[in-house]
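> this one's sequence-less:
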């Protein structure tokens, strides 16, 4: 009797598991589908933007090779380096800004603290590209819109406003007990030492999270790069290059290379994510807890 | 204390002033030559080594023709379609000479980003181009650019399927093979409406007349299009499906422009045929399809510091020699009337088809501001027919609705 009941329960669990896993498999297939499609297109040997069959008839590596060898029309390696330089420097700068601002707002008490936080909140409600044209004219007045200085201009654009998005990191710092800071002060630590020797090592997850987001936003940005680069083709970032590959003059020849480029730019981000995934999840959880 | 603040403030002002003034020192001209700096923007193909560096070659030739100037050229990349937005964004920091598509003419004149050409320069341009082409870069009686090619679309077909007689009529073609047309693209679809007497802004410049796409003649066309979309030998070309069909052989004729010529040549080889637009049979009458036509032209920046040199260069880049080189290097179809008379060029099927289309089966694409309201309604008409929401029953009502939206100012 009891063994029969057990068998029933087992069967029911098996049935439920089958249903759940089928549903999950279907959902996963739907989510992965576009990614898979881009990857397959990047290896497709047939030219053109439209194909009538899902799986390419023949595969090739030429699309990737072409990105790096056919540089006269669209110089992909140069765009890749431009973007990498810009992303790395703005990542360093804006991570520093965000963490410093968050630390100050979390630990130091000063008169403008509350007004600043309110102001940052309100400014954060406006999309950044609203100020795009103004930013362009300011950069032009300072003389940063020509030649290699465009890179500097873009780095400034991406990192300049970073200190306004301190909320998540500040929430995390708030969770570290102030008693630790006090103990450090008694031992003769300065604020800077507390920040670098105590707070930062205790907040690895949020540091990682800040670095990740600070790297990704300049890496994938299109709109600022487009407005500031204008006709300076040697300063183009990847986003502009990929966009140009889809213009009507290029699309038939460059579409598969476009997919290859899309796969390539996702590699640095994917590596960062995979390496730092553990901290990333911790970082978000910490912020919610605070 | 106060003094120190004042001092710092003054220092700051000085630094900012220095930054603003930049290095604006002008070169001393010891010799007779006047030093001139010209910034030129063109599509990247024109500066590409693998396609012969048309721009650099022409600029060097220009410099040799003008020994009185010591010219430094600065090249930038901006293709004709997007140059207008880039230049209008900030004309003072843009190229002295650039290339633009004529449908952006009002965008640029509104931003004061295009210089008027006059005097002997205008005379020279007018003398070497057809009047239709001059109209395409003329606004309120002023000439705004030097045209160097026409910009329109026509028909590519497989010669082994269609004869030269067949390609004169769309219905004859549909009986013999599969034809694909960009049905949901509003740059192409109006061709049928123009064929039955519909007009946009009168002759294209009379903005007050508005769009006339809602009469009984337009309804007839909508009904024809519904039938066409269901024809077993007709395919709607969207997102490159026409080109893919040519590749795998399922489609035998498509409608597009010179930018796809090289790809089609690769697919069809010697079987590639090019022709102006065919007629279509509407209730027993043959009606001619009309494409939108425009031009690409060379413009001069009104803020240029070396106006004379800039205008001279623009005229040179649009001249017979430069157009010939452009054609030889990149297959850019010339529009200079003397060049078109050259038998060698005239015998090129592509040149013949494009010019035949421009002269015979096209309407100058209006560039009045209200034109901006005309794109989406036509596109929606094509999409409605494709997905079956526009049927023979509601064709009249939907056509009038399209016309109302084209004539309204809102979104």
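That came through, no problem. What you see is a predicted model, and the numbers here were worked out from it, not measured in a lab. Numbers count the residues shown, from 1 in each chain, chains lettered A, B, ... in the order given.
> got a list of what residue A:8 touches?
With contact set as Cβ atoms under 8 Å, 6 or more residues apart in numbering or on different chains, residue A:8 has no partners. (Each C-beta comes from the backbone N, C-alpha and C, glycine too.)
> counting neighbours, what do you get for residue 117?
Going with chain A. Using other Cβ atoms under 10 Å in any protein chain shown, residue A:117 has 14 neighbouring residues.
> right idea, wrong chain: chain B
For residue B:117, using other Cβ under 10 Å, the count is 24.
> show me the contacts for it.
So residue B:117 contacts B:125, B:142, B:143, B:144, B:145, B:146, B:300, B:311, B:314, B:315 (Cβ under 8 Å, 6+ apart).
> low-confidence stretches in the chain?
Answering for chain A, as no chain was given. A:1-5, A:280-290 (pLDDT under 70).
> try chain B instead
Looking along chain B with the criterion set at pLDDT under 70, you get B:1-31, B:410-411.
> so which bits of it are right by chain A?
Residues of chain B that fall close to chain A, judged by Cβ under 8 Å from any Cβ of the partner chain: B:19-20, B:22, B:41, B:43-45, B:48-50, B:76-79, B:81, B:86, B:89-90, B:93-95, B:239-241, B:243-245, B:247-248, B:250, B:259-260, B:263.
> just the buried residues from those, in ChimeraX please.
Listed next is the ChimeraX selection for buried residues among these, using 16 or more other Cβ atoms under 10 Å in any protein chain shown:
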select /B:41,43,44,45,48,76,77,78,79,81,86,89,90,93,94,95,240,241,243,244,245,247,259,260,263
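> just the residues of chain B next to chain A: which are in strands?
B:41, B:76, B:77 (DSSP state E).
> gap between the host helix or strand of residue A:134 and the chain center?
Assigned by DSSP states H and E, residue A:134 falls within helix A:132-142. Relative to its parent chain, helix A:132-142 has a centroid offset of 25 Å by Cα atoms, centre = their mean, to the nearest Å.
> quick one: buried residues of the next helix or strand along the chain from it?
The C-terminal neighbour of helix A:132-142 among helices and strands, as given by DSSP H and E, is helix A:149-160. Buried residues in helix A:149-160, counted by 16+ other Cβ under 10 Å: A:150, A:151, A:153, A:154, A:155, A:156, A:157, A:158, A:159.
> closest to residue B:132 among the residues you listed?
Comparing these against residue B:132 with Cβ to Cβ places residue A:150 closest, at 40.8 Å.
> pretty sure the closest one contacts residue A:232?
Yes - in this structure residue A:150 lies within contact range of residue A:232 using Cβ atoms under 8 Å: 5.9 Å.
> Provide the secondary structure category for the spatially closest residue to residue B:353 that is not a sequence neighbour.
Of all residues not flanking residue B:353 in the chain, residue B:274 sits nearest, at 3.9 Å (Cβ to Cβ, 6 or more residues apart in numbering or on different chains). Per DSSP: H, G, I helix; E, B strand; the rest coil, the secondary structure class of residue B:274 is strand.
> and residue B:274, how many residues sit next to it?
Neighbours around residue B:274, by other Cβ under 10 Å: 23.
> buried set for stretch B:402-411?
B:402, B:403, B:405, B:406, B:407.
> show the contacting residues for the second one.
By Cβ under 8 Å, 6+ apart, the residues touching residue B:403 are B:211, B:212, B:213, B:214, B:218, B:377.
> quickly find the element holding it.
helix B:395-407.
> doesn't residue B:98 fall inside a helix?
No - Residue B:98 sits outside any helix when classified using three-state DSSP, being strand.
> in three-state terms, label residue A:111 for me.
Per three-state DSSP, residue A:111 ends up coil.
> what separates it from residue A:123, distance-wise?
For residue A:111, the distance to residue A:123 (Cβ to Cβ, to the nearest Å) stands at 19 Å.
> neighbour count winner among these two?
Between residue A:111 and residue A:123, counting by other Cβ under 10 Å, residue A:123 is the more crowded of the two (13 against 7).
> give the contact list for the residue nearest to that one when sequence neighbours are not counted.
Spatial nearest neighbour of residue A:123, excluding adjacent residues (Cβ to Cβ, 6+ apart): residue A:164 at 5.7 Å. The contact partners of residue A:164, by Cβ under 8 Å, 6+ apart, come to A:120, A:123, A:124.
> 10 Å instead?
Residues near residue A:164 by Cβ atoms under 10 Å, 6 or more residues apart in numbering or on different chains: A:97, A:98, A:101, A:116, A:117, A:119, A:120, A:121, A:122, A:123, A:124, A:128.
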